[in-house]
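Visitor: sharing a model that was predicted from the sequence below.
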Amino acid sequence: MSKPSILPRSFYLHPPDVVGRNLLGKLVTRNLDGERLTGRIVELEAYFGLDDPASHAFPGKTERNAVLFGPPGIAYVYFIYGMYYCLNVSCEPEGQAGGILIRALEPIEGLETMARLRKLPPNARPQLLTSGPGRLCQALGITRATHNGIDVTRAASELQFRFGPIAVIAEL
């Protein structure tokens, strides 16, 4: 699989609903010890910062949620239910809070490693690997300690969001 180009910071400068629509079908790529783990974004949620009671930014800027206030294109990873990590990416111009929660991926590359990280057999059904925000973070080895605050727009980043080729679902 060729390496599609990284989404630039300008991609994330828009409101969450616009960024969210444009993120669908894009790729999340994680470099794990020299192996590429990749999935296509198939489900996400948009959060509108200070105007959205469901957003982590709604109460205002804190040490925990500072990533959501910019700059755009930065990973925001949080821990939920005392057991799962969730991957988000900041959007909106710096100083304005907005974010996109990545809810599910279609796994494309590195499926055996994803299965191992999820403690599943190597031939596990792809739907079990990255269908849900906690599962996809497990499958990609994403944690708050390691990935919160990572700039996903940098070529040197181990976590990136990329343009991807359009998949052919079925031949007509």
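Guide: Right, received. Where do you want to start?

Visitor: ok, which stretches of this structure are helices?
Guide: 16-23, 111-117, 127-130, 133-140, 144-147 (DSSP state H).

Visitor: next, the buried residues of the first one.
Guide: Neighbour-count burial for helix 16-23 flags 16, 19-20, 23 (criterion: 16 or more other CB atoms under 10 Å). For every residue, glycine as well, the C-beta is placed using N, CA and C.

Visitor: next: stretch 44-51.
Guide: 44-50.

Visitor: and stretch 141-159, by the same measure?
Guide: 141-142, 144, 147-148, 150-153, 157-159.

Visitor: ok, stretch 123-140 next?
Guide: For stretch 123-140, by 16+ other CB under 10 Å, it's 124, 128-140.

Visitor: coming back round to it: out of the buried residues of stretch 141-159, the closest to Glu63 would be?
Guide: Closest to Glu63 out of the buried residues of stretch 141-159 is Asn148 (11.1 Å), distances taken as CB to CB.

Visitor: ok, that closest one touching Leu68?
Guide: No: proximity of Asn148 to Leu68 does not meet the contact threshold set by CB atoms under 8 Å, at 10.8 Å.

Visitor: and for the two, which residues touch both?
Guide: Tyr76 (CB atoms under 8 Å, 6 or more residues apart in numbering).
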